[in-house]
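Engineer: below is the sequence, then the predicted model.
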Amino acid sequence: MPNYRRAWIPGGTYFFTVTLRDRHSDLLVREIALLRQVVARARRRHPFRIDAWVVLPEHMHCLWTLPPGDSDFATRWKAIKSGFARHITPGEWLSAAQRLRGQRGIWQARYWEHLIRDHADYRRHFDYIHVNPLKHGLVTAVKDWPFSTFHRAVAEGIYPTDWAGDLSLEVQAAERH
């Protein structure tokens, strides 16, 4: 079994990929209001700054900065994932072990986390998050995807409205190999 190691840096900025177990589901966009509500509740209890976020039908990518002195992103993800699952009608397939533990089978068990190292790393991941709906063929222009902080970044002058990224260079920035 792999030995998962997390980088616990107080006040760090992290890139995350969180995925539903059913990779053919559209649950995240179908239940976007619930997801937003659960994230807001988690942020009230355990503050963090959302630098960038995109929600796709079955997975999401985000860039968070934790408060100084705080490195506990795991508690935040637990609150988001469990808070979301509690409000979804049961019906997904569960293993015998999951049934015994009273768990749900909505989310993949783990998530991908990457500690941002420098400004260039931050920018690559920031762009990757926003170009993701285009990469997955969900839209023909980044501005057309409604479940993204791209629109906030445009309002802040970070991107022009017609930004689409250089797919040949940026799409690979945050992919696991």
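Structural biologist: All right, it came through fine. Numbers count the residues shown, from 1 in each chain.
Engineer: just the strands from the chain, written as ranges.
Structural biologist: Under the criterion DSSP state E, the chain contains strands at 13-19, 49-55, 59-65, 112-115.
Engineer: same for the first one, what does it pack against?
Structural biologist: The reference is to strand 13-19. strand 59-65, helix 73-86, strand 112-115, helix 119-135 (3 or more C-beta pairs under 8 Å, 6 or more residues apart in numbering; DSSP states H and E). In this view, the C-beta of every residue, glycine as well, is placed from N, C-alpha and C.
Engineer: and if you look at the second one?
Structural biologist: Here strand 49-55 is seen to pack against helix 32-45, strand 59-65, helix 119-135 when contacts are counted using 3+ C-beta pairs under 8 Å, 6+ apart.
Engineer: my read: Tyr14 touches Phe73, true?
Structural biologist: Yes - here Tyr14 reaches Phe73: they are 5.9 Å apart, a contact under C-beta atoms under 8 Å.
Engineer: list residues touching both of the two?
Structural biologist: Here Tyr14 and Phe73 have 64, 66, 113 as joint contacts, going by C-beta atoms under 8 Å, 6 or more residues apart in numbering.
Engineer: from what I can see the last one touches Gly12, true?
Structural biologist: No - counting by C-beta under 8 Å, Glu113 sits too far from Gly12 to count as a contact (10.1 Å).
Engineer: Ser71 and Ile9 touch, don't they?
Structural biologist: Yes - contact status for Ser71 versus Ile9: in contact at 5.7 Å, counting by C-beta under 8 Å.
Engineer: in stretch 144-158, which residues are buried?
Structural biologist: 145, 147-151, 153-154, 158 (16 or more other C-beta atoms under 10 Å).
Engineer: again but with stretch 8-27, I slipped
Structural biologist: 12-20, 25, 27.
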